[in-house]
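> Fold the following, please.
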Amino acid sequence: MGHDHHGHDHTHGANKKALMISFFIIAGYMIIEVVGGFLTNSLALLSDAGHMLSDAISLGVGVLAFTFGEKVANYSKTYGYKRFEILAAVFNGAALILISIYIFYEAFQRIANSPEVASTGMLTIAVIGLLVNILVAWMLMRGGDTKENLNLRAAFLHVLGDLLGSVGAIVAALLIMLFGWTWADPLASIIVAILVLISGWRVTKDAIHVLMEGTPANVNINDVIKTMKGVKGVVGIHDLHVWSITSGQNALSCHIIVDGSLTVEKSQILLRTIEHELEHKGIGHVTIQVETEKHPHKNTLMCRTEYALEGDHHGHSH
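Residues are numbered from 1 along each chain as shown. Prediction:
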């Protein structure tokens with residue numbers, strides 16, 4: 001096993017653990033917030049609980065995605081189940097957008113007709129909610145890879161939105177207690193809804209980009225071409241494709257035209273050099289077909305020769 005693969009497994013385990021603990025904390029507190037929201041008649045609390053519900057779903061689906069992602073590749077799913085994670089992120093994003101639309105609807109109804117709110121109870125629950133969210137956000141930051149992993153980032157954004165939702169509910173509760181401004185409650189929930197909508201849109205957009213085989217955000221195509229062309233013996237490149245299998249796992253396939261005078265041995269060294277260089281560019285799985293200037297392949301889709309990376313567990317296939 002290569003060092004890179006081991007590293008991926010390690011962060012995978014940490015990500016899964018961070019999500020699992022966060023899921024139990026959030027799901028438990030969500031129930032308290034729903035009950036509290038009904039008892040105090042606060043929409044800000046209920047909308048925060050709605051957001052927490054989406055958090056709990058997000059975290060739960062995230063844990064499932066990691067579990068599914070661990071299933072080994074087989075003949076019918078040659079990449080394994082790693083894409084499940086991206087599907088989970090799409091589901092998450094869509095859930096967030098729907099929840100935000102519902103909160104908007106409820107809030108506008110309440111602005112027209114502001115009901116009484118038990119502000120002391122609302123304040124107490126909102127403060128505890130804030131502390132719970134700070135704890136979970138800290139755990140996800142410390143225990144997982146919130147930068148590279150889309151699924152974990154989705155969960156982290158949920159929790160961050162929640163944290164701000166709790167702040168909104170605290171401010172609203174204080175305004176109701178001090179000035180009797182009952183409209184502060186629906187207003188706070190509208191702010192939460194805007195935050196939910198933004199994070200939902202971002203996560204959905206990023207996940208769809210992966211599903212559309214888009215170029216990974218952390219890969220610069222021009223840079224990749226320059227690196228490959230910079231290797232001695234490479235004359236040209238065509239049929240270049242770079243995509244993500246799942247968060248943090250990028251793949252590349254292309255045809256390179258090499259100097260006709262290169263021996264088989266030198267071609268192999270050239271390939272190793274390219275693979276090594278590309279690994280530094282964030283591409284872990286490389287498939288390159290070598291052609292000479294005299295004999296370029298007419299059929300660009302067939303006849304792919306795969307030279308797996310050193311330490312890559314896929315082995316060599318010809």
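> Got the phi and psi for Ile288?
phi -130, psi 130 (degrees, to the nearest 10).
> actually Val234, sorry about that
Dihedral angles for Val234 - degrees, to the nearest 10 - are phi -80, psi 120.
> Gly214 now?
Main-chain dihedrals, Gly214, degrees, to the nearest 10: phi -70, psi 160.
> any idea how far the lengthiest helix in the chain is from the chain center?
In the chain, taking DSSP state H as the definition, the longest helix is helix 3-40. In terms of C-alpha atoms, centre = their mean, to the nearest Å, the centre of helix 3-40 is found 14 Å from the chain centre.
> any idea how far Val63 is from Ile26?
With distances taken as C-beta to C-beta, to the nearest Å, Val63 is found 12 Å from Ile26. All C-beta atoms are positioned from the backbone trio N, CA, C, and that covers glycine.
> Compare those two and say which is more crowded by neighbours.
Higher neighbour count among Val63 and Ile26: Ile26, with 26 against 21, using other C-beta atoms under 10 Å.
> Leu187 versus the more buried one, what's the distance?
Looking at Ile26 against Leu187, where the rule is C-beta to C-beta, the gap reads 25 Å.
> The longest helix of the chain: which residues count as buried?
Residues of helix 3-40 classed as buried by neighbour count (16 or more other C-beta atoms under 10 Å): 11-12, 15-16, 18-20, 22-23, 25-27, 29-30, 32-34, 36-37, 40.
> Strands of the protein, residue ranges please.
Secondary structure of the chain (DSSP state E): strands at 234-246, 249-258, 285-292.
> Can you read off the pLDDT for Glu277?
Looking at Glu277, its pLDDT stands at 89.
> State the number of residues packed around it.
Other residues lying near Glu277 total 16 when counted by other C-beta under 10 Å.
> Run through the residues that contact it.
Contacts for Glu277 were tallied using C-beta atoms under 8 Å, 6 or more residues apart in numbering; they are Thr227, Met228, Val231.
> Now with 6 Å, please.
By C-beta atoms under 6 Å, 6 or more residues apart in numbering, the contact list for Glu277 reads Thr227.
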